[in-house]
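1. here is my input; please provide its structure:
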Amino acid sequence: MSDGALPYFPISESTLITDRARNPWHLRKEPIMANRRENKKTAAYKQQMLFIPAAALLVGIKRAILAAEATSRYFNADAMKNRREAELYAYEFTNAVDSVRAWAGCAEDMNRKAVKLDRHIMLLGHLLRNTAPLINMHTTVAQRCELLNVALAERPALDESDGVLEISITHGLEDSMLRGQPSFMGGPLFRALQLAALYPQASFPVEGVTLDECLDKLAELVADAERKIN
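-> As a prediction, the model looks like this:
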């Protein structure tokens, strides 16, 4: 059976992202504070202050997806190990009924947790799909390419009309800088959006919603997932 040790699920890291997004001075206190008075009314300054929470939202969703996927793989592997132990006990020790049931029950428990995490990834996909227009509004295509790790060779073909969803799904360029090959369509955002498309549900309203409220929703989803697997 499982040794009781849970895998790394970075709820605190996700909370840290939202805290920094709410207080952008924490990220770049010195250079911004030095010229705060001169820059606070400029369009570039206002754009910079909105880019930080928009970037935090996109990166936070991606990190939450990666953490959930890693934890789900852990649970699936543990379930497989427990099923094998149950089969071994059933074959070698015909009287060990209680042990077989214990191993099989532990495998079922691990499977249930993995399914809960798959649903969590689906909900993150819905959150990304519904908040993507807000992220696009406060980022440039160059910034989106940086946040999504788009290969440098692929960036000239993109323009400002290419938002987060277009880069991830239509062009399949998410993490193309890491893969070294274009159009692989296998990044974490792509996988979460696929699940969201397969299992539609009530959408997160974005009309009149602020970036802070979107970050709150992200923190709420991650905290809920942690509660369900513990």
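2. average model confidence for the longest helix anywhere in the chain?
-> Taking DSSP state H as the assignment, the helix of the chain that covers the most residues is helix 43-92. Per-region confidence: helix 43-92 scores 83 on mean pLDDT.
3. so how far is that helix off the chain centroid?
-> Averaging C-alpha positions (CA atoms, centre = their mean, to the nearest Å) puts helix 43-92 7 Å from its chain's average.
4. repeat that for stretch 139-154.
-> In terms of CA atoms, centre = their mean, the centre of stretch 139-154 is found 18 Å from the chain centre.
5. show the end-to-end separation of it, please.
-> As for stretch 139-154, its first-to-last residue distance stands at 18 Å under the measure CA to CA, to the nearest Å.
6. what residues sit buried inside it?
-> Going by neighbour count (16 or more other CB atoms under 10 Å), the buried part of stretch 139-154 is 139, 141, 143-145, 147-148, 150-151, 154. For glycine as for every other residue, the C-beta is placed from the backbone atoms N, C-alpha and C.
7. now, among the residues you listed, which is nearest to Glu174?
-> Leu148 (5.0 Å; CB to CB).
8. helix, strand or coil: sort out the nearest residue to the closest one once chain neighbours are set aside for me.
-> Spatial nearest neighbour of Leu148, excluding adjacent residues (CB to CB, 6 or more residues apart in numbering): Glu174 at 5.0 Å. Of the three states, Glu174 takes coil under DSSP: H, G, I helix; E, B strand; the rest coil.
9. my guess is Glu174 contacts Ser168. True?
-> Yes. Counting by CB atoms under 8 Å, a contact exists between Glu174 and Ser168, whose distance comes to 4.6 Å.
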